[in-house]
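**Q** Got a predicted structure plus its sequence, pasted below:
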Amino acid sequence: MSPVLEVRGLSKAFGGLQAVDDVSFDLKQGEFLALIGPNGAGKTTCFNMLNGYLPPSAGSVKLNGRELIGTPPRRIWRLGVGRTFQITATFLSMTVLENVQMALISHHRRVYDLFSRATRLFLDEAMALLDLVSMREQADRPCSELAYGDLKRLELAIALAHEPALLLMDEPTAGMAPSERVALMALTADIVARGHVSVVFTEHDMDVVFAHAHRILVLNRGQLIAEGTGAEIRANPLVQEVYLGGGRLFDKEGAHA
Ligand SMILES: Nc1ncnc2c1ncn2[C@@H]1O[C@H](COP(=O)(O)OP(=O)(O)OP(=O)(O)O)[C@@H](O)[C@H]1O
């Protein structure tokens, strides 16, 4: 089966700084791929190029065989690249259900008309998505009342409303308690396993990464220095040195901190 995503020679320079340097990888259908690396390794810059927010200096990104480079972000989103951010993007004054309905209305390009029976629009689909993230019971609660972990689950449902082929998750567990982190990523892994979407995520919590990622890519100073399963990455001496040892083992001069 051909990959969902093919990244070849992806590079980005900011002035003299090579933030992403000749990165190539594939993402298979139904894969849950982690992109890790110390602060400043180039993870966010990579994500910003994958969804069109940043033009690369060089390289190619293909989604199901179609070149994305040069395509505007909104068009890339329409083509099936979704993204969740470190800060949740929900309408706090609306209920959980209304937020998912709004996402479905947008996905199906329907016009939201306050005076029509918008409350009925995509109700079944919205409830099915809330089931997927185990939030049916909270459907009628205003988002302003939700705990942070629940907001993140809602954000996942909103992202899935757009039926992305690929979902980019930017530090999905940032700001969460450890038990909440594991729960959110177990839920996401389950959704991936059920064939709903393929995911690339960045993450600083190594417990989360090793517990759930099918495969891990390690970036350091913009370069892909390792790729493999959790066991392979743990055993990789270079990764241990530059990353798992604390991420500060190499300072700018390459000396040990
Ligand atoms: N718009 C920009 N202009 C100049 N330099 C930038 C810009 N964006 C990122 N950089 C630099 O590029 C490098 C990679 O940054 P990036 O944010 O991609 O790393 P990261 O791996 O996501 O880091 P973190 O884990 O801290 O979020 C860093 O040195 C950063 O300072």
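**A** Nice, I can see it.
**Q** Check the burial of the spatially closest residue to Gly230 that is not a sequence neighbour by counting its neighbours.
**A** Spatial nearest neighbour of Gly230, excluding adjacent residues (C-beta to C-beta, 6 or more residues apart in numbering): Phe210 at 4.4 Å. All C-beta atoms are positioned from the backbone trio N, CA, C, and that covers glycine. Phe210 sits with 16 neighbouring residues when counted by other C-beta atoms under 10 Å.
**Q** Next: Glu232.
**A** Neighbours of Glu232 (other C-beta under 10 Å): 13.
**Q** Assign it to helix, strand or coil.
**A** helix (DSSP: H, G, I helix; E, B strand; the rest coil).
**Q** Just list the residues touching it, thanks.
**A** Ala226 (C-beta atoms under 8 Å, 6 or more residues apart in numbering).
**Q** On the pLDDT front, check it for me.
**A** In this model, Glu232 is scored at 93, pLDDT.
**Q** Leu50 is in contact with Lys43, correct?
**A** No - counting by C-beta atoms under 8 Å, Lys43 stays clear of Leu50, with 10.8 Å between them.
**Q** you'd agree Met225 is in a strand?
**A** Careful, residue 225 is Ile and not Met. Yes - with three-state DSSP as the criterion, Ile225 is assigned to a strand.
**Q** Quick check: Arg8 vs the ligand, distance?
**A** 19 Å (C-beta to the nearest ligand atom, to the nearest Å).
**Q** Could you give the separation of the host helix or strand of the residue nearest to Gly230 from the chain centroid?
**A** With elements taken from DSSP states H and E, the one containing Phe210 is helix 206-212. Centroid separation for helix 206-212 versus its chain: 15 Å, with C-alpha atoms, centre = their mean, to the nearest Å.
**Q** List the contacts of that helix.
**A** With contact meaning C-beta under 8 Å, 6+ apart, helix 206-212 is reached by 32, 34, 36, 173, 178, 181-182, 185-186, 188-189, 203, 216, 230, 233-234, 244.
**Q** next one: phi and psi at Arg66?
**A** Dihedral pair for Arg66: phi -100, psi 130, per degrees, to the nearest 10.
**Q** Please name the bridge partners of the closest residue to Leu79 other than its chain neighbours.
**A** Leaving aside its sequence neighbours, Leu79 sits nearest to Leu63 (C-beta to C-beta, 6+ apart; 6.0 Å). Leu63 has these beta-bridge partners by DSSP bridges: Leu5, Arg66.
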